[in-house]
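Undergrad: kindly generate the corresponding structure for this input.
(2 chains)
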Amino acid sequence: DARVTQTPRHKVTEMGQEVTMRCQPILGHNTVFWYRQTMMQGLELLAYFRNRAPLDDSGMPKDRFSAEMPDATLATLKIQPSEPRDSAVYFCASGLPTGGTGTGELFFGEGSRLTVL
Amino acid sequence: GNSVTQMEGPVTLSEEAFLTINCTYTATGYPSLFWYVQYPGEGLQLLLKATKADDKGSNKGFEATYRKETTSFHLEKGSVQVSDSAVYFCAREDSGYALNFGKGTSLLVTP
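TA: Numbers count the residues shown, from 1 in each chain, chains lettered A, B, ... in the order given. Predicted coordinates for the structure are as follows:
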């Protein structure tokens, strides 16, 4: 059963520490997204990649967040230094645009719940 | 600006009641529209979609019709079950295939 795998599922850390979240997209999917979910803001798009190249990271605070795809099977989201306001659930999703419209289904991982104290 | 607006929750219904969750969007052109569902502790899953005006998406008894005149994509189900309790997200496809989500509507169905 193909699925998007995210690690860690839960992370509690102290303010100022570095946090790295990892995502393994579904094999064959060429588009990978990072979303952040909070009660106040809902789901926010942080960044996304197509064929490992970053397409848009305008939703991401550049001073502390970074997203990369070292290879087709791994996407990472790093926060350094972390702050309490970064506490949220971070979702990775992957997909494969179909046809000319790009309309297709996104497959979400179970999320990484981050708590920064 | 471009956005997706959903009705505020939580919505509480008795089993077998009729469900409507409103969703309206703003956009230039006619983007594809989606409903995703999130069960507790899980990621989002696609529930249904519509790719052009007047299309009706349907799945598991849920339906939504793409109405360009009213820029709406309301979710409906004729008879809800306890297992439908979840958070429902309306979404619009943006450029580059990214999805712009509404804030989500929590549904609780009681026996």
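
Undergrad: now the element after the lowest-mean-pLDDT helix or strand in chain A, going C-ward?
TA: Using mean pLDDT, DSSP states H and E, strand A:53-56 stands out as the lowest-scoring helix or strand of chain A, at a mean of 90. Remark: after strand A:53-56, the chain's next helix or strand is strand A:65-71, criterion DSSP states H and E.

Undergrad: the least confident helix or strand of chain A - contacts with which helices or strands?
TA: In terms of contacts (3 or more Cβ pairs under 8 Å, 6 or more residues apart in numbering or on different chains; DSSP states H and E), strand A:53-56 is packed against strand A:42-50. C-beta here means a position set from N, CA and C on the backbone, and glycine is covered the same way.

Undergrad: show me what from chain B comes close to chain A.
TA: B:32, B:36, B:41-46, B:49, B:51, B:89, B:93, B:96-104 (Cβ under 8 Å from any Cβ of the partner chain).

Undergrad: just want the residue of chain A that's nearest chain B.
TA: A:Phe108 (3.1 Å; Cβ to the nearest Cβ).

Undergrad: residues near the residue nearest to that residue when sequence neighbours are not counted, how many?
TA: Nearest residue to A:Phe108 in three dimensions, chain neighbours excluded: B:Gly43, at 3.1 Å (Cβ to Cβ, 6 or more residues apart in numbering or on different chains). By other Cβ atoms under 10 Å in any protein chain shown, 22 other residues sit near B:Gly43.

Undergrad: and if you look at B:Thr20?
TA: The local packing of B:Thr20 (other Cβ under 10 Å) involves 10 other residues.

Undergrad: residue contacts, it?
TA: B:74-76 (Cβ atoms under 8 Å, 6 or more residues apart in numbering or on different chains).

Undergrad: drop anything exposed from these.
TA: B:74-75 (16 or more other Cβ atoms under 10 Å in any protein chain shown).

Undergrad: strands of chain B, start to end?
TA: B:4-6, B:11-14, B:19-21, B:23-25, B:33-38, B:44-50, B:56-59, B:62-65, B:75-77, B:86-93, B:99-101, B:105-110 (DSSP state E).

Undergrad: I meant chain A, not that one.
TA: A:5-7, A:10-13, A:19-24, A:31-38, A:42-50, A:53-56, A:65-71, A:74-79, A:88-95, A:107-108, A:112-116.

Undergrad: which residues of chain A lie near chain B?
TA: A:4, A:31, A:33, A:35, A:42-43, A:45, A:48, A:50, A:55-56, A:91, A:93, A:95, A:97, A:101-106, A:108-111.

Undergrad: select only the buried ones of these in ChimeraX?
TA: Those of those that count as buried under 16+ other Cβ under 10 Å are selected in ChimeraX with:
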select /A:4,31,33,35,42,43,45,48,50,55,56,91,93,95,97,102,103,104,106,108,109,110,111
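
Undergrad: done for today, thanks.
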